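Asks: Please work out how this folds:
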Amino acid sequence: MRYRSRVTAPAAALIGTAAALAAGSPAQAAPSVTGKGGRAAKRTAAAGPGPETLGDPVFPSLGNKGYRVSSYALDFTYDATAKKVDAIATLKIRTDRPLTRFSLDALGLDIRSVRVAGVTATFAQAGEKLRITPATALAEDCAATVRVEYAADPRRTLAHTAWVPTPDGFAVCPQPNSAHTVFPCNDHPSDKADFSFRITVPSGLRGVANGTLTGTETLTGGRTAYSYVSASPIATELVQITVGDYVIKDRQGPHGLPLRDVVPQARAAALEPALSLTPGLVTWVESRLGAFPFETYGLLPCNSDDANAFDFTGLETQTLTLYKPNFLLQAEKSIGSHMMHELVHSYFGNLVSPATWADLWLNEGHADFYGLLYRYERGWTDSLGLTTMEARMKDTYARGDQWRHDSGPVAAPNETNLFDSQRYLGGVLVLYALRQLVGESTFSAIERKFLERFRNSSAATVDYIAVASEVSGQDLSGFLNDWLYGTKTPRMPGHPDWTVTPVASSFAAPHSRRGGHWHENSATL
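Replies: Numbers count the residues shown, from 1 in each chain. Below you'll find the model as predicted:
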């Protein structure tokens, strides 16, 4: 049985402020759908609508309660003339309470029909929710299949979107809260699920998704269908579906790991020097964090040069990292550190996903930590002209109080400052302080134990603190809580001479670009 993450203090204190969105009064009890083992599941509470929030402290309306998703099967058909998508999303869910109604997250999707357990269900779209009322109430601990037919326009203007339109198709960048603009889902990293994909495209284009290619089928009308299956559960924010004029470049990684890059046909030769770096990068990270956790890895240089196509250089999606193609045309010393940053997300962010978006520092702090180590081992200067981790951390330490003033503590972001440098370099500073305190070998053991314990699941900041305390043999909760939640920067172990620059209240933080979710604040760039 897959581990499901829990949300515990101090994150739980933040969650208490989220208001429940579910509306309407409970319906009268209806005959139940069959529960486990073919027997009618015993109802332990009155059936009613499921709450329309998981209470995330950063995105309080994201996600839904009342069920968990065990799998998604996504069937996409791309019309290259209309540049639109017809889709079917089939979800397998299991309820944790009796439900007369439940919701999925959905925005900008033209819903055509919904079926629950094979029977037509009524539905309504309200805000970013798709409210589904099955013909028969779902019993507690009931397994049910939900089938949603819909259409989508990747070029539609929305309040936020995961779609990245390209001249020959599209890619998707769901992080952090936009997967539900591509498919209806329980759009929260705490509800990871199995995924399979079928992408039908005009012949001459290629459909690509997470995981492994399991079939290619030639259809009538000059069409080809590509099928993929992921061997590991995926958080919705890590899904990748792309269509375009791509060629697949296969190569072998360490210990036979299959590597596949999805490359624009016209750019394949020019991008090869960057693509050929991946085996060495994987070898390096495996020596620090253990065997690569998934069935494959590769890069997806998205076939677009539009500066506004997406507001980042690289984005981790599980088994495929999405990149701006021109970034990868640079020399190794200009791209290798950030390529390592994105690769590390396969461990911190993908293998172990954040329990809430307040735990983002676990993703970005670790990715920058190892990305910087990789840079400095090679003697490459960083953006400040520094060449050692100690020098960079001394500089970051001096900024500590200012960043806490501007962006809050490392593990207490809000929607506006979620991707500020505090989650990146601020997170690196926390990890550096921990390593200074416990020593390099114990720190390495903490990292591996955390990844092992929460493999293919989600974990909160408090879980990392618990593992650190267990492995080190000392209670580190006070130390790490001060670093992660304090409003003042603590003393740095081993560096009593390091000082923090006083806060300037009118300071315009150079490490933050306000007004959107995406900020290029990785120190590996």
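
Asks: which residues touch residue 288?
Replies: By Cβ atoms under 8 Å, 6 or more residues apart in numbering, residue 288 lies in contact with 370, 373, 444, 447. For the C-beta atoms, the positions are set from N, CA and C on the backbone; glycine is no exception.

Asks: The helix or strand the last one falls within packs against which elements?
Replies: Put plainly, it is residue 447. Element membership for residue 447, per DSSP states H and E: helix 440-453. Identification of packing neighbours for helix 440-453 by 3 or more Cβ pairs under 8 Å, 6 or more residues apart in numbering; DSSP states H and E yields helix 278-289, helix 421-438, helix 461-472.

Asks: try 10 Å this time
Replies: Helices and strands touching helix 440-453, by 3 or more Cβ pairs under 10 Å, 6 or more residues apart in numbering; DSSP states H and E, are helix 278-289, strand 352-354, helix 360-377, helix 421-438, strand 457-459, helix 461-472.

Asks: Could I get the average pLDDT for that helix?
Replies: Summarised as a single mean, pLDDT over helix 440-453 is 98.

Asks: Return the distance of residue 140 relative to residue 48.
Replies: Note on residue 140: its distance to residue 48, by Cβ to Cβ, to the nearest Å, is 12 Å.

Asks: Got phi/psi on residue 199?
Replies: The phi and psi values for residue 199, taken as degrees, to the nearest 10, are phi -120, psi 110.

Asks: ok, now residue 264?
Replies: phi -50, psi 130.

Asks: hang on, isn't it packed against residue 244?
Replies: Yes: Residue 264 lies in contact with residue 244 (Cβ atoms under 10 Å); the separation is 7.0 Å.

Asks: Report the set of residues contacting both of these two.
Replies: Shared contacts of residue 264 and residue 244 (Cβ atoms under 10 Å, 6 or more residues apart in numbering): 166-168, 300, 302-304.

Asks: Determine which two of those are furthest apart.
Replies: Pairwise distances across those peak at 15.7 Å for 167 and 300 (criterion: Cβ to Cβ).

Asks: which of those two has more neighbours?
Replies: residue 300 (25 against 12; other Cβ atoms under 10 Å).

Asks: which element is the more buried one on?
Replies: Per DSSP H and E: strand 299-301 holds residue 300.

Asks: Give me the sheet partners of that strand and which way each runs.
Replies: For strand 299-301, the pairing partners within the sheet under DSSP bridges are strand 320-323 (parallel).

Asks: Quick one: mean pLDDT over the partner strand.
Replies: 97.

Asks: And the contacts of it?
Replies: Residues contacting strand 320-323 (Cβ under 10 Å, 6+ apart): 164, 171-173, 175, 208-211, 238, 240, 242, 260-262, 271, 274, 278, 296-302, 310, 312-316, 335, 338-339, 341-343, 345-346.

Asks: change it to 8 Å
Replies: By Cβ under 8 Å, 6+ apart, the list of residues contacting strand 320-323 reads 164, 171, 173, 208, 210, 240, 262, 297-302, 310, 313-315, 339, 342-343, 345.

Asks: Just the ones of the residues you listed in helices?
Replies: Residues of those located in helices (DSSP state H): 339, 342-343.

Asks: Out of those residues, which comes closest to residue 396?
Replies: residue 342 (20.9 Å).

Asks: From residue 144, how far off is the closest one?
Replies: In terms of Cβ to Cβ, residue 342 sits 37 Å off from residue 144.

Asks: Also residue 132?
Replies: Per Cβ to Cβ, residue 132 is found 10 Å from residue 144.

Asks: hey, what's in contact with both of those two?
Replies: Common neighbours of residue 132 and residue 144 (Cβ under 8 Å, 6+ apart) are residue 116.

Asks: Tell me who's in contact with residue 325.
Replies: 264, 267, 271, 301-305 are the contacts of residue 325 under Cβ under 8 Å, 6+ apart.

Asks: Please list only the buried members of the residues you listed.
Replies: Buried members of the contacts of residue 325, counted by 16 or more other Cβ atoms under 10 Å: 264, 267, 271, 301-304.

Asks: Reformat those residues as CSV; add pLDDT.
Replies: As requested, the buried ones among the contacts of residue 325 are arranged in CSV below (pLDDT from 0 to 100):
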residue, pLDDT
264, 97
267, 95
271, 98
301, 97
302, 95
303, 91
304, 88
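
Asks: Could you work out the most separated pair of the residues you listed?
Replies: The widest separation within those (Cβ to Cβ) is 14.0 Å, between 271 and 304.

Asks: what stretches of the stretch 351-500 of the chain score poorly on pLDDT?
Replies: For the stretch 351-500 of the chain, no stretch has pLDDT under 70.

Asks: Just confirm residue 149 is within a strand.
Replies: Yes: Residue 149 forms part of a strand when assessed by DSSP: H, G, I helix; E, B strand; the rest coil.
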